[in-house]
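In: pasting the sequence and the predicted coordinates here, then a few questions.
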Amino acid sequence: MKRIVLLTFLFFSTNLVLAQVTRGEAKRDEVKGVVVDENNKPIPYVNIWFTNENLADTTEEDGTFNISDLKDNQVLLFTALGFENKSVNVANASRVILKQSIVELKEVQLENPRADLSNQIAEFDRKKVHLYYGLGPTQWSLAKQFVYNDTIQKTPYLASILVKTQSPGGASSVKVRIMSIDPDGNPGEDLINDNLIFKVKKGDRISEFDVSQYKLKIDESGIFVVIEYLMLDENQYMMYDKNKKAYPHSRPAIGTIPSEEISFWCYNKKWRKMDKRNPYNYPDEEHYFNKYIELAMSLKLTN
């Protein structure tokens, strides 16, 4: 049996019924709005945060958002790759204009790969994936560290990312970020200044995200690959138990495998390494007992 663990460390069973979450008319404690740039063009995938650093919403493809359970004079923080952060009072949040930022990316090597040799690193056995990480009530990003090795030296260009995903009840979307490694060992700066948004098909599968167009060459410091969840309508659904109690969830969930080494970082207000899983709660988690958790993620490389 495969299980999904929320990042609040709550489990849900397989006898729950799915229902899609949709947005309705704004209530008194809600704000419906749109985020645009200085040319009045809608900005998709903007993350909107409460002041306690919990994620409130993510804008849809048309830049719209809808946030509930608001308090008077509450302040929202709007963040988007390539734009300056902006704090806005909810009373003025029906239309938010973000200014484009001048981002000085870490210098990376962008060359034309020969592409006559390919390799794959961190391959995993999908049969060993029994535990999935999903989205809890706060924003979480899941990251896997890839350390420079002989294989990367021979084929240093990142072609695609393969991830074991589970998207129950429908398709979903995720944001992928390729990040440097900070001196403290945590995920650092973005190496690609684009929104890398990928669709994940319904069901249990290995999803492949093609990033070959960026011709990113991995240097000796290595990289982090980050899966960032988006609070989009298509990603939200409710599950109901036999007593019709509702449980909100977000898709997709990301598969993990047991490991002897630390490579898995998790973000909720700050980055932290995922420690060994001890104890385990279900028989199918026995493989993870006293092991580190590793994201079921591998990289395809070329020269």
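Out: Arrived safely, thanks for sending. Numbers count the residues shown, from 1 in each chain.

In: nearest the middle, which residue of this structure would you pick?
Out: residue 228 (1.6 Å; Cα atoms, centre = their mean).

In: span of stretch 57-74 from start to end?
Out: 15 Å (Cα to Cα, to the nearest Å).

In: what does it contact?
Out: Identification of contacts with stretch 57-74 by Cβ atoms under 8 Å, 6 or more residues apart in numbering yields 23, 26-27, 29-36, 42-48, 50-51, 56, 76, 89-91, 93, 230-233. The way it works is simple: take the backbone N, C-alpha and C, and place the C-beta from them, glycine included.

In: please spell out the PyMOL selection for the buried subset of the residues you listed.
Out: Applying 16 or more other Cβ atoms under 10 Å to the contacts of stretch 57-74 leaves a buried subset, and the PyMOL line that selects it is:
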select buried, resi 31+32+33+34+35+36+43+44+45+46+47+48+50+56+76+90+93+230+231+232
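
In: quick one: contacts of stretch 89-104?
Out: 31-38, 43, 46, 67, 70-76, 78, 80, 82-84, 86, 88, 193.

In: take the contacts of stretch 57-74 and keep only those in strands.
Out: In strands, defined here by DSSP state E, the members of the contacts of stretch 57-74 are 31-36, 47-48, 50, 56, 76, 89.

In: and of those, the nearest to residue 242?
Out: Proximity of the ones in strands among the contacts of stretch 57-74 to residue 242 (Cβ to Cβ) peaks at residue 56, which lies at 31.5 Å.

In: ok, the closest one - contacts?
Out: With contacts defined as Cβ under 8 Å, 6+ apart, residue 56 is in contact with 48-50, 67, 76, 231.

In: and if we set it to 7 Å?
Out: 48-50, 67, 76 (Cβ atoms under 7 Å, 6 or more residues apart in numbering).

In: return the two entries of these that lie farthest from one another.
Out: Distance extremes for the contacts of residue 56: the farthest pair is 49 and 67 at 10.4 Å, using Cβ to Cβ.

In: need the per-residue pLDDT for residue 127.
Out: Reading off the confidence values, residue 127 has pLDDT 89.

In: now it: how far from residue 290?
Out: 21 Å (Cβ to Cβ, to the nearest Å).

In: please identify which of those two sits among more neighbours.
Out: Shown here are residue 127 and residue 290; by other Cβ atoms under 10 Å, residue 290 has more neighbours (10 against 7).

In: residue contacts, that one?
Out: For residue 290, the contact set (Cβ under 7 Å, 6+ apart) comprises 276, 278.

In: now residue 128: phi and psi?
Out: Residue 128 has phi and psi values of phi -90, psi 0 when expressed as degrees, to the nearest 10.

In: the stretch 101-250 of the chain: helices as residue ranges?
Out: 150-154 (DSSP state H, counting those that start in this stretch).

In: now it, which segments are flagged as low pLDDT?
Out: For the stretch 101-250 of the chain, the stretches flagged by pLDDT under 70 are 103-111, 135-139.

In: one more time with 80, if that's ok
Out: Flagging of the stretch 101-250 of the chain using pLDDT under 80 yields the residue ranges 102-112, 115, 135-140, 239, 247-248.

In: quick one on the thing from earlier: looking at the contacts of residue 56, which is nearest residue 223?
Out: Nearest to residue 223 among these, with distances taken as Cβ to Cβ, is residue 49, at 25.7 Å.

In: list the contacts of the closest one.
Out: Residue 49 neighbours (Cβ under 7 Å, 6+ apart): 55-56, 76-77, 79.

In: adding pLDDT and distance to residue 162, write these out as a markdown table.
Out: Output for the contacts of residue 49, formatted as a markdown table (pLDDT from 0 to 100; distance: Cβ to Cβ, whole Å):
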| residue | pLDDT | distance to residue 162 |
| --- | --- | --- |
| 55 | 84 | 26 |
| 56 | 87 | 31 |
| 76 | 94 | 36 |
| 77 | 94 | 33 |
| 79 | 92 | 28 |
